[in-house]
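> coords please:
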Amino acid sequence: MRNTIRGAASAAVLVFLFAAGSGAASAIPEPGPSRPSVHPHENCSLERVGAQLVRCDDLTGAGAHAPWNVPVQGSR
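Model prediction:
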């Protein structure tokens, strides 16, 4: 009888510990430090040189051909 009570008490304690320790986790993101912009000319429009896309004189578009409706650089 004594072993049954101890076993039941131990089981009850284990169930309580597992139930109490398995709550949902939540995290609140903290704002990180502000980063300076990668390029000093943030407001450059997208243009093309030949078939390549450029922005602020930097090639962009990973080598994809620029559509012909994108304005040619220096045409404005």
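> measure Gly61 to Val70 for me?
10 Å (C-beta to C-beta, to the nearest Å). C-beta coordinates here come from the backbone N, C-alpha and C atoms, glycine included.
> continuing past the lowest-mean-pLDDT helix or strand in the chain, what's the next helix or strand?
Scoring the helices and strands of the chain by mean pLDDT, DSSP states H and E places helix 2-21 at the bottom, with a mean of 78. Next in sequence after helix 2-21, counting helices and strands by DSSP states H and E, comes strand 46-49.
> low pLDDT regions in the protein?
Residues of the chain meeting the criterion pLDDT under 70: 19-24, 36-42, 76.
> about what we covered before: check the contact lists of Gly61 and Val70 and give me the overlap.
Common contacts of Gly61 and Val70 (C-beta atoms under 8 Å, 6 or more residues apart in numbering): Leu53.
> And the residue nearest to Val49 when sequence neighbours are not counted, how close does it get to Gly63?
In space, and not counting its chain neighbours, Val49 is closest to Gln73: 5.2 Å by C-beta to C-beta, 6 or more residues apart in numbering. Using C-beta to C-beta, one gets 17 Å for the distance from Gln73 to Gly63.
> Also Ala25?
Relative to Gly63, and taking C-beta to C-beta, Ala25 is found at 43 Å.
> And those two? Which one has more around it.
Neighbour count, other C-beta atoms under 10 Å: between Ala25 and Gly63, Gly63 has more, with 9 against 5.
> Quick one: residues contacting Arg48.
With C-beta under 8 Å, 6+ apart, Arg48 has these contacts: 54, 66, 70-73.
> want to try JSON lines for those, with neighbour count and secondary structure as columns?
Converted to JSON lines, these look like this (neighbours: other C-beta atoms under 10 Å; DSSP: H, G, I helix; E, B strand; the rest coil):
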{"residue": "Val54", "neighbour count": "20", "secondary structure": "strand"}
{"residue": "Ala66", "neighbour count": "19", "secondary structure": "coil"}
{"residue": "Val70", "neighbour count": "15", "secondary structure": "coil"}
{"residue": "Pro71", "neighbour count": "13", "secondary structure": "coil"}
{"residue": "Val72", "neighbour count": "13", "secondary structure": "strand"}
{"residue": "Gln73", "neighbour count": "17", "secondary structure": "coil"}
